[in-house]
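Student: A structural model of the following input is requested.
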Amino acid sequence: MRFSTKDRYALRLMVELAGHAPEEFVSLKAVSDSQGISVKYLEQIVPPLARAGLLASGRGSQGGYRLTRPAAAVTAGDVLRAVEGDLAPVPCLEEDAGDCPRRSGCRTLAFWEGLGAVLEQYADGVTLAQLCGAPGGGKEDA
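Tutor: Predicted coordinates for the structure are as follows:
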């Protein structure tokens, strides 16, 4: 299973913002310089995070973006769901998936359900505050 560049960059953006004072707005240029992600790419990542209520924006010379909640109240799962919509490891487990005609006889369904549960539990158990305190803090990794 691989997470997309968009997923990785969204998490890095949010960890970067979590490393600033809660009331401080941070420009995308500053995030770009710190994280080595183009401003254009960051501009594509911000809208779903804002729609999910994870980011607030400010205008003007001191404008930019900040978290809407404390870093300890935002999980990696929140961020990944905001940009992906679902963490299901296979399409048949996604929230908007139709009924699979093979579902009743699928011998691998339990495996995928278990993997999905472990993935969600782990992603929902790691906060941005924890990632900020972790070695590497999301700067050059991922």
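
Student: what's near enough to touch residue 128?
Tutor: By CB atoms under 8 Å, 6 or more residues apart in numbering, the residues touching residue 128 are 14, 15, 18, 67, 71, 72, 74, 75, 76, 79. (C-beta placed from N, C-alpha, C; glycine too.)

Student: ok, and the most crowded of those residues?
Tutor: The most crowded member of these, judged by other CB atoms under 10 Å, is residue 14 (28 neighbours).

Student: which strand or helix spans that one?
Tutor: helix 5-18 (DSSP states H and E).

Student: quick one: residues contacting residue 72.
Tutor: Neighbour list for residue 72: 127, 128, 129, 130 [criterion: CB under 8 Å, 6+ apart].

Student: of the residues you listed, closest to residue 61?
Tutor: Nearest to residue 61 among the contacts of residue 72 is residue 128, at 26.3 Å by CB to CB.

Student: what pLDDT does the residue nearest the centre of the chain get?
Tutor: Nearest residue to the geometric centre of the chain (CA atoms, centre = their mean): residue 79, 2.4 Å. pLDDT, residue 79: 98.

Student: helix or strand for it, which one?
Tutor: With DSSP H and E as the test, residue 79 turns up in helix 76-84.

Student: which helices and strands does the helix or strand following that helix pack with?
Tutor: For helix 76-84, the succeeding helix or strand toward the C-terminus, using DSSP H and E, is helix 109-124. If you count contacts as 3 or more CB pairs under 8 Å, 6 or more residues apart in numbering; DSSP states H and E, helix 109-124 packs onto helix 76-84.

Student: just checking, residue 57 touches residue 68?
Tutor: No: counting by CB atoms under 8 Å, residue 57 does not reach residue 68; the two are 10.1 Å apart.
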